[in-house]
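Asker: Okay, here's the prediction I keep looking at, along with the sequence it came from:
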Amino acid sequence: MKVRDGSVDQRIEQIESDDDRKLIREDRADEEVILVILENTTEDQADNIITNIELFTNVLQSTKYRQVDETAENRVYVPQDGWFGGHRFRPYRITDSAGQVIVDKDSYEVKSANVSWDRTSDTETYAQYLINRVIADETETIDLRFESDTDVAETEVPQWVENAQEEAK
């Protein structure tokens, strides 16, 4: 869990007072603090695990895009500044967007992305945006780079996997 430094002590107190959670590690660097928490639960957490590609596409979906080019194989999109959020997410503003995303023309699979923008949270009005960006310094820079590897990797199955498969039969 990533939290801003100002609310860290409060979050740690909440975690330590909860019998179902245990603080495993606390890392502080610059203005960021990362808390690693162990949660005791009987619920299946498989649905809560997010893969790297899901995280990547979730971040890409933070803003809108405009198509700027098209070839026989690809479409090229650029990120757009604007106001986002609303009923599902706290409102935020994207500014200083740059870069491009290249997708397959037919499948819309992301082939590569090199985009960045500034994201200012809790900004329903322009006044809130100015306060959060200038005074409170609540703006975070998102810099996302990805290139799809279309080569199929050939892997060897370790002997212990084969043994386990045989034992399971």
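Answerer: Yep, it's here.

Asker: Look up the residues forming beta bridges with the closest residue to D96 other than its chain neighbours.
Answerer: With Cβ to Cβ, 6 or more residues apart in numbering as the measure, D118 is the residue that lies nearest to D96, at 4.7 Å, once sequence neighbours are left out. All C-beta atoms are positioned from the backbone trio N, CA, C, and that covers glycine. Here D118 sits in beta bridges with T95, T141, as judged by DSSP bridges.

Asker: what sits against D118?
Answerer: Counting by Cβ atoms under 8 Å, 6 or more residues apart in numbering, D118 touches 94-96, 133, 139-142.

Asker: Now for those residues: which two are most distant?
Answerer: Across these, the longest distance by Cβ to Cβ is 14.5 Å; it joins R133 and I142.

Asker: domain assignment for this protein?
Answerer: The chain breaks down by automatic domain parsing into domains covering 1-41, 49-151.

Asker: Can you get me a residue count around A113?
Answerer: Using other Cβ atoms under 10 Å, the number of residues around A113 comes to 21.

Asker: for Q10, that is, sorry about that
Answerer: 10.

Asker: Looks to me like it is in a strand.
Answerer: No. Counting by DSSP: H, G, I helix; E, B strand; the rest coil, one finds Q10 to be helix, located in no strand.

Asker: Fine, thanks again, bye for now.
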